[in-house]
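Fold the following and give me the result.
(one chain, ligands or ions: 1)
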Amino acid sequence: MVNQYNSTIETLEKLRLESIAGGGEKKNDVQHRHGKLTARERLGLLLDDGSFEEFDILKTSRGGALGDERNYPGDGVITGHGTIDGREVFVFSQDFTVIGGSLGEAHAQKICKVMDLAVKVGAPIIGLSDSGGARIQEGVDALAAYGEIFHRNVRASGVIPQISCIMGPCAGGAVYSPAITDFVFMVQESSYMFVTGPSVVKTVTHQDITSEDLGGAQVHSKKSGVAHFTTPNDILSMREIQRLISYLPSSNRHRAPMLDLRDPADRIDPTLDYLIPANPKQTYDMNVLIFSILDGAEFMEVQPGFARNIICGFGRLGGQTVGLVANQPAVLAGVLDIDASVKAGRFVRFCDTFNIPLITLVDVPGFMPGPDQEYGGIIRHGAKLLYAFTEATVPRISVIVRKAYGGAYLVMNSKHIHCDVNYAWPTAEIAVMGPKGAAEVIHRKEIQSADDPEAMLNKKMLDYRRTFVNPFLAAQRGYIDDVIFPRDTRHRLIRTLQILEGKNTKGPERKHGNIPL
Ligand code: HXC
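Down below sits the predicted model:
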């Protein structure tokens, strides 16, 4: 009896060790030589010490799937759950040392199992991708397996935060699972994502291009906007995921954790009274305001390298997570273009889905004019941001610090699309259009017939600026709830968040709206 017991324990130990060994030492060394950690090392860094509990360590690849009878223990992915700063998360980490981390039937079943549990329990799912994609030998079953993951990504969207970290190759349709998730991290120089790789590009378009130039972290963080965060190495990507998790609720049923950074709610910043330059054409850095008002000057910017004319990210006010959307006058004068609209629209929807209050800091001259933007569909892309803000039922607070013109004023969380509380600084310019455009339209004849048309234009611009370009007309109408002293912004925002705590808005019954995609 004792012997039998011992042998069972030994068998279990042996099987577990086989699975833990993955592709073996040699392949681990290759992984390290490429500047990458192994799948288990990554989980070790991501999760609290000793918190990882593995599922399906004994699950093997489908027998015969690889054209031989080998059963690969673990099937190239490590799955389970653990904690980050004491909060439960579900994880999967693809193991490139086992059949290139390729996705076969058993591999996908393991991922689906943790995704299903994460949704049931209400905890984030974090996927660390390092995979050659669909396991070629498993043919259509591998494609079917991807489909099961996509299906779950969509079902989980808006229920639990989904985070992807691309830590190796990610090609073909495989990119669409990360693309559906809420946030995509990429590791610089060791990860890439594309629908078709360089060799297919060469065949179809006769263009020579490297993997890095086609779908590296630089490309996706600056040009395409696919990646939300990039990090120089595996270690820092795990740290950044931990940081992101600290801002997020575990699910749409939970509140984001409060974190007291011991920054007084009534702290004022007199330097803000001088932030806006006297010359309206002069730029300034919106980050100064952001870092000034947030608790402990801590801000996690999302997509910092993409559409830099708008800033999106997470911070805290009075300990509470807020989603911040701010025009950046230092880049393209803070204009709204296609990329900025899409970037901010998706961010707003994430915050709304997960009950994170939205703060808008407005300095926007308008939408970007021109054929490029019109042909690219600025109308429907701009409409996404309009739709996202209008649809959002979380507490919404706006501060207009300088320009707020025309349609862009309306879109940027104005009172008219039911923002809860709207503030303006005394430097705010709220009008249908800027002084030059307005003067040229309404005084065209007078300007053209003047002895000195330029002098007349300047006079009319000045008149217009004095009469219309201020926050007081909007405040008189009640479209602005208060014109506040810039130095008090932090305090006013925190107080307003407190009163909006109990906000409850329910729209009419419907399956879902039809956002202009
Ligand atoms: C089976 C695979 C594999 C795959 C890699 N391997 N990708 N096995 N299916 N998709 C195996 C290799 O045979 C090799 O096995 C081991 O993994 C390591 O791969 P290497 O090629 O030696 O590594 P490296 O030189 O670093 O190159 C990595 C790579 C390359 C760039 C990922 O392996 C590659 O191009 N793989 C194919 C990628 C691909 O086209 N996948 C299909 C994408 S389409 P051994 O035994 O030698 O160690 C797709 C469709 C999804 O995924 C659709 C969803 C709807």
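
Need the pLDDT of residue 3.
At residue 3, the model reports a pLDDT of 55.

Spit out the contact partners of the residue lying closest to residue 57 once chain neighbours are set aside.
The shortest distance from residue 57 to any non-neighbouring residue, by C-beta to C-beta, 6 or more residues apart in numbering, is to residue 19 (4.8 Å). Every residue, glycine included, has its C-beta placed from N, CA and C. For residue 19, the contact set (C-beta atoms under 8 Å, 6 or more residues apart in numbering) comprises 57-58, 73-74.

ok, residue 19 to the ligand distance?
Using C-beta to the nearest ligand atom, to the nearest Å, residue 19 is found at 17 Å from the ligand.

do the same with residue 78
16 Å.

quick one: that residue from residue 188, how far?
24 Å (C-beta to C-beta, to the nearest Å).

What of residue 95?
Residue 95 is 21 Å from residue 188, by C-beta to C-beta.

Same drill for those two, tell me which one is more crowded.
For the pair residue 95 and residue 188, the greater number of neighbours falls to residue 95 (28 against 17), based on other C-beta atoms under 10 Å.

which residues does the more buried one contact?
Shown in contact with residue 95 (C-beta under 8 Å, 6+ apart): 22-23, 38-40, 74, 76-78, 101, 130.

Among those, which ones are in helices?
Residues from the contacts of residue 95 lying in helices, with DSSP state H as the criterion: 39-40.

and the contacts of residue 95, which two are the farthest apart?
Taking C-beta to C-beta as the measure, the contacts of residue 95 span a maximum distance of 13.7 Å, between 74 and 130.

so residue 419 sits right up against residue 362, yeah?
No. Using C-beta atoms under 8 Å, residue 419 makes no contact with residue 362, being 10.3 Å away.

Of those two, which one has the most company?
Neighbour totals were compared for residue 419 and residue 362, and residue 362 leads with 28 against 21 (other C-beta under 10 Å).

Name whatever forms a beta bridge with the more buried one.
The partner list for residue 362 in beta bridges (DSSP bridges) reads residue 400.

all strands of the stretch 151-300 of the chain, in order?
Remark: strands assigned in the stretch 151-300 of the chain by DSSP state E, counting those that start in this stretch are 162-166, 169-171, 183-187, 192-194, 229-231, 299-302.

which strands and helices sit next to the last one?
If I follow you right, that is strand 299-302. Secondary-structure packing of strand 299-302 (3 or more C-beta pairs under 8 Å, 6 or more residues apart in numbering; DSSP states H and E): helix 234-247, helix 286-293, strand 310-317.

hey, which of these is tucked in deepest?
Stretch with highest mean neighbour count among the helices and strands packed on strand 299-302: strand 310-317 (a mean of 24; mean count of other C-beta atoms under 10 Å).

need the contact list for residue 115.
If you count contacts by C-beta under 8 Å, 6+ apart, residue 115 has them with 90, 125, 149, 152-153, 156.

my read is it is in a helix, agree?
Yes. Read with DSSP: H, G, I helix; E, B strand; the rest coil, residue 115 is one of the residues of a helix.

picking up where we left off before, give the intersection of the neighbour lists for residue 419 and residue 362.
What both residue 419 and residue 362 touch, as defined by C-beta under 8 Å, 6+ apart, is the set 398, 413.

Spell out which residues belonging to the stretch 251-400 of the chain are near the ligand, please.
Residues of the stretch 251-400 of the chain found near the ligand (C-beta under 6 Å from any ligand atom): none.

Can you classify the closest residue to the ligand within the stretch 251-400 of the chain by secondary structure?
Ranking the residues of the stretch 251-400 of the chain by distance to the ligand (C-beta to the nearest ligand atom) places residue 346 first, at 22.3 Å. Assigned by three-state DSSP, the conformation of residue 346 is helix.

Can you get me a residue count around it?
Neighbours of residue 346 under the rule other C-beta under 10 Å: 19.

And for residue 109?
Residues near residue 109, counting by other C-beta under 10 Å, number 18.

Surely it is in contact with residue 145?
Yes. Using C-beta under 8 Å, residue 109 is in contact with residue 145, at 7.4 Å.

what's in contact with stretch 233-247?
35-37, 41-42, 45-46, 84-85, 87, 89, 124, 126, 161, 163, 165, 167, 183, 185, 187-188, 190, 229, 231, 256-257, 259, 300, 314, 316, 321, 356.

Quick one: end-to-end distance for stretch 212-223.
Using C-alpha to C-alpha, to the nearest Å, the end-to-end distance of stretch 212-223 comes to 13 Å.

Ok, stretch 503-516 next?
End-to-end for stretch 503-516, by C-alpha to C-alpha: 27 Å.

so how far is it off the chain centroid?
Relative to the centre of its chain, stretch 503-516 is centred 22 Å away, using C-alpha atoms, centre = their mean, to the nearest Å.

What of stretch 223-232?
Computed by C-alpha atoms, centre = their mean, the separation of stretch 223-232 from the middle of its chain amounts to 10 Å.

List the contacts of that stretch.
Residues from elsewhere that reach stretch 223-232 (C-beta under 8 Å, 6+ apart): 166, 175, 179, 183-188, 193, 217-218, 220-221, 237, 239-240, 244, 302-303, 305-307, 339, 342-343.

Same question for that stretch: list its buried residues.
Across stretch 223-232, burial judged by 16 or more other C-beta atoms under 10 Å covers 225-231.

Now do the end-to-end distance for that stretch.
End-to-end distance of stretch 223-232 (C-alpha to C-alpha): 18 Å.

what mean pLDDT would you report for that stretch?
The average pLDDT within stretch 223-232 is 98.

returning to that earlier point: show the buried residues in the contacts of residue 19.
Listed as buried from the contacts of residue 19 are 57, 73-74; burial here means 16+ other C-beta under 10 Å.

and the least confident of those?
On pLDDT alone, residue 73 ranks lowest of the buried ones among the contacts of residue 19, at 86.

Verify the stated contact: it with residue 17.
No. At 9.3 Å, residue 73 does not count as touching residue 17 under the criterion of C-beta under 8 Å.

Report the contact partners of residue 364.
Taking C-beta under 8 Å, 6+ apart, one finds 327, 334-336, 403-405, 408-409, 412 in contact with residue 364.

okay, the residues you listed in a markdown table with pLDDT and distance to residue 279 next?
Formatted as a markdown table, these follow (pLDDT from 0 to 100; distance: C-beta to C-beta, whole Å):
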| residue | pLDDT | distance to residue 279 |
| --- | --- | --- |
| 327 | 98 | 18 |
| 334 | 98 | 15 |
| 335 | 98 | 18 |
| 336 | 98 | 22 |
| 403 | 96 | 13 |
| 404 | 97 | 18 |
| 405 | 96 | 17 |
| 408 | 97 | 21 |
| 409 | 97 | 21 |
| 412 | 98 | 22 |
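
By neighbour count, which of those residues wins?
Of all those, the highest neighbour tally under other C-beta under 10 Å goes to residue 327, namely 30 neighbours.

and that residue, bridged to which residues?
Note on residue 327: beta-bridge partners by DSSP bridges are residue 310.
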